[in-house]
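Asker: Sharing a sequence plus its predicted fold:
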Amino acid sequence: MASIVNNIMAEVEARLNTIPNLAEDVYRPTKNGDFLIVNRAIVLTHEDIESDDELSCPGNPPKTAWVLPVRVVCIVVPDDDATASLDIGENDFGVEAMDAITTPQASWHQFDGNAVNATLTPLVNFHPGDDTARAVLFTIRVTYRVDETSQATL
């Protein structure tokens with residue numbers, strides 16, 4: 001049985017893979033680190049899971065609430081011949097990713113019934129000194145509740 005975290009990550013990945021003209025499927029890092037930096041690539045990871053004491057509730061049945069910070073990194077490699085401002089491509093790609101995450105609009109925050117709520121953080125630009133590749137990233141803070149004795153049971 002998959003954990004709720006794996007279910008949420010799979011749903012995020014599936015939504016991001018609907019973005020038109022991605023360089024390749026959304027990349028989730030592996031031990032081999034076989035990722036190539038290419039234009040319109042997305043890297044998906046998550047940070048340490050946090051406790052949400054306010055939404056946890058002892059009782060019958062007891063539930064434990066957690067917050068899963070999901071990191072979405074949208075990579076843009078500038079074209080040497082481009083005449084448009086670099087930030088336009090970055091911002092547009094970041095917004096496309098946010099739009100993919102928030103679809104379907106009415107229930108996007110539930111991630112296929114696995115979450116209680118979710119919020120998006122603002123876009124953050126990442127510009128390395130050599131300008132070979134740039135990125136815009138954001139975090140989806142997904143709140144979910146599980147059975148006190150099983151991380152795989154809602």
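Answerer: Received, thanks.

Asker: didn't residue 56 look like it was pressed against residue 144?
Answerer: No: because the distance of 11.3 Å does not satisfy Cβ atoms under 8 Å, residue 56 is recorded as not touching residue 144. The way it works is simple: take the backbone N, C-alpha and C, and place the C-beta from them, glycine included.

Asker: Which one's more surrounded, those two?
Answerer: Using other Cβ atoms under 10 Å, the more surrounded residue of residue 56 and residue 144 is residue 144, with 26 against 15.

Asker: Surely that one touches residue 8?
Answerer: Yes: here residue 144 lies in contact with residue 8, judged by Cβ under 8 Å, at a distance of 6.7 Å.

Asker: Show the contacting residues for residue 115.
Answerer: 8, 109, 142, 143, 144 (Cβ atoms under 8 Å, 6 or more residues apart in numbering).

Asker: Please tell me I have it right and the first one contacts residue 109.
Answerer: It refers to residue 8. No: between residue 8 and residue 109 there is no contact, the gap being 11.0 Å when judged by Cβ under 8 Å.

Asker: which of those two has more neighbours?
Answerer: Using other Cβ under 10 Å as the criterion, residue 8 and residue 109 rank with residue 8 on top: 23 against 17.

Asker: picking that back up, residues that sit against both of residue 144 and residue 8, list them.
Answerer: With Cβ under 8 Å, 6+ apart, residue 144 and residue 8 have common neighbours 68, 111, 114, 115.

Asker: Quick one: list the elements packing against the helix or strand hosting residue 144.
Answerer: Applying DSSP states H and E as the criterion places residue 144 in strand 134-147. In this structure, strand 134-147 makes packing contacts with helix 4-16, strand 63-76, helix 86-101, strand 117-120, strand 124-126, judged by 3 or more Cβ pairs under 8 Å, 6 or more residues apart in numbering; DSSP states H and E.

Asker: Pretty sure residue 41 is one of the things residue 24 touches, is it not?
Answerer: Yes: using Cβ under 8 Å, residue 24 makes contact with residue 41 at a distance of 6.4 Å.

Asker: So which of these two has more stuff around it?
Answerer: Remark: of residue 24 and residue 41, residue 41 carries more neighbours, 22 against 12, as counted by other Cβ under 10 Å.
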